[in-house]
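Asks: Fold the following.
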Amino acid sequence: MRHDAKGVFWCAMRMRGVNHTQRGSVYVIALLTLMVLGTLASMLGWSALVQAQRAYQRETRLRLESLCQSGIHYASWARRIKGRPLPFTERLNLSEGTVIVQARSANQYGRNAFEVISTAFYKDQTLTRTRILEGNDRPRQATEFALYVDDEITVEAGKKIRVKGDVHTNRTVRVVQGGQLEVDGSLTATNQISGSPTATVYTEAFSKEVPFDLPDPAVLRSQATQLVVGNINLPFGLSLADGSIYYVAGNLTLQGTLRGRATVVVKGNLILNDDIEYDNDDTLFIFIVNGNIKMAPGKEVEGMLISRNGDVIAGDGSKIYGGIYISNGALLPMGELRIEHDPRINTDLFRQFFKSSTD
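Replies: Next up is the predicted model:
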């Protein structure tokens, strides 16, 4: 007998107690297990591939956005600081990629506005961003904005501010998740802008600080044409001669129709309980308030509201046509607030009128 005969004999022995059907079932189970494991491995591999592709796309998108922003900042610097004449085109070869910057005048947005088209190239992708910028290096005046806040602008969750005109803060803009800030114009901040505000013209963080150079109530008191000592309630509106200064040494509660071109100074709080409307197109009122300004819910107010040392508290659904300017306080909407700029505020006629009330 060969030395491996026992081995051959052992291999040839039949498995006792196991029939052909049982052996087939074992094979099928093993095959199914291998198929399941193979499918899982394929799915994991595909998932890893998809995640890698998404990460690559996100990284590429961030690079392109950064490059476009670099081109916009370059055009702003070249025009504002260096005074480079329009139009101009510049190719920037940066460490992360290439940017082609085109700048040209955009007079439809203002005498000093210019359009920047920034096209970024990174790897095999391109991205183009267009912005409208202010080309004049001079600081703007507070009255050029529909909403001006010397302190921070904060929009909390569930609050909504909609502005027709430009918005500026000398601090930061912070829109909390669930809050909304929509600007039909430009949105600028001396410091950072966080959250997701929207602006139809352009959004610019780290812009120049805008001085709050409007008159002090104490100075206007000495120039007042009419002085009211104590609190006063005017339920039917107010008629004043053009150029007059109406000074209230207390709180003022107001509603109804306004007539004339005048300045109303309030040492205390200004309470707007109902609609405030102009009698005609020549009417223009400026309210300079040392305390808080309170607007009732759902009411419309015409006039320029200036809060020097208080908050502007706007009820849900309230609307102001004119402008809101806050020196040392906060804008506190209780729900939705609409602000629309009065274009007459920027005219030479208005500036002369305002200057004459402060001389």
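Asks: surely residue 307 meets residue 329?
Replies: Yes - the pair residue 307 / residue 329 is scored as a contact, 5.2 Å apart, by CB atoms under 8 Å. All C-beta spots, glycine's among them, are computed from the backbone N, C-alpha and C.
Asks: which neighbours do these two share?
Replies: Residues within reach of residue 307 and of residue 329 at once, by CB atoms under 8 Å, 6 or more residues apart in numbering, are residue 292.
Asks: Of those two, give the one with the bigger neighbour count.
Replies: Using other CB atoms under 10 Å, the more surrounded residue of residue 307 and residue 329 is residue 307, with 27 against 20.
Asks: ok, residue 66 to residue 177 distance?
Replies: Separation of residue 66 from residue 177 (CB to CB, to the nearest Å): 23 Å.
Asks: quick one: which of those two has more around it?
Replies: Under the neighbour definition other CB under 10 Å, residue 66 and residue 177 were set side by side, and residue 66 has more, 16 against 8.
Asks: in which helix or strand would I find that one?
Replies: Using DSSP states H and E, residue 66 sits in helix 20-80.
Asks: In the sheet, which strands lie alongside the helix or strand just after that helix, parallel or antiparallel?
Replies: Moving toward the C-terminus from helix 20-80, the next helix or strand (DSSP H and E) is strand 88-93. Strand 88-93 pairs in its sheet with strand 98-105 (antiparallel), by DSSP bridges.
Asks: Would you tell me what the next helix or strand after the strand it pairs with is?
Replies: strand 113-122.
Asks: correct me, but residue 302 touches residue 322?
Replies: Yes - using CB under 8 Å as the test, residue 302 is close enough to residue 322 to be in contact (6.0 Å).
Asks: so what's in contact with these two at the same time?
Replies: Any residue near both residue 302 and residue 322 by CB under 8 Å, 6+ apart counts here, and that gives 285, 342.
Asks: Return the residues in contact with the residue lying closest to residue 260 once chain neighbours are set aside.
Replies: Of all residues not flanking residue 260 in the chain, residue 240 sits nearest, at 4.2 Å (CB to CB, 6 or more residues apart in numbering). By CB under 8 Å, 6+ apart, the contact list for residue 240 reads 226, 246, 259-260, 262, 264.
Asks: run the last query once more with 7 Å
Replies: By CB atoms under 7 Å, 6 or more residues apart in numbering, residue 240 lies in contact with 246, 260, 262.
Asks: try residue 163
Replies: Contacts for residue 163 (CB under 7 Å, 6+ apart) come out as 146-147, 183-185, 339.
Asks: Now, those residues that are in strands?
Replies: Among the contacts of residue 163, DSSP state E puts 147, 183-184, 339 in strands.
Asks: Secondary structure, distance to residue 125 and neighbour count added to the contacts of residue 240, as JSON lines?
Replies: Formatted as JSON lines, the contacts of residue 240 follow (DSSP: H, G, I helix; E, B strand; the rest coil; distance: CB to CB, whole Å; neighbours: other CB atoms under 10 Å):
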{"residue": "246", "secondary structure": "strand", "distance to residue 125": "62", "neighbour count": "24"}
{"residue": "260", "secondary structure": "coil", "distance to residue 125": "60", "neighbour count": "19"}
{"residue": "262", "secondary structure": "strand", "distance to residue 125": "59", "neighbour count": "24"}
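Asks: mind checking how far residue 130 is from residue 96?
Replies: Residue 130 sits 21 Å away from residue 96, going by CB to CB.
Asks: do residue 135 as well
Replies: Between residue 135 and residue 96 the distance, using CB to CB, works out to 27 Å.
Asks: ok, now how distant is the residue most central in space within the chain from residue 109?
Replies: Compute the mean C-alpha point of the chain, and by CA atoms, centre = their mean the closest residue is residue 197, 3.1 Å away. In this view, residue 197 and residue 109 are 19 Å apart by CB to CB.
Asks: do residue 82 as well
Replies: Using CB to CB, residue 82 is found at 21 Å from residue 109.
Asks: Of those two, give the one with the bigger neighbour count.
Replies: More neighbours surround residue 109 than the other of residue 82 and residue 109, with 17 against 8 (other CB under 10 Å).
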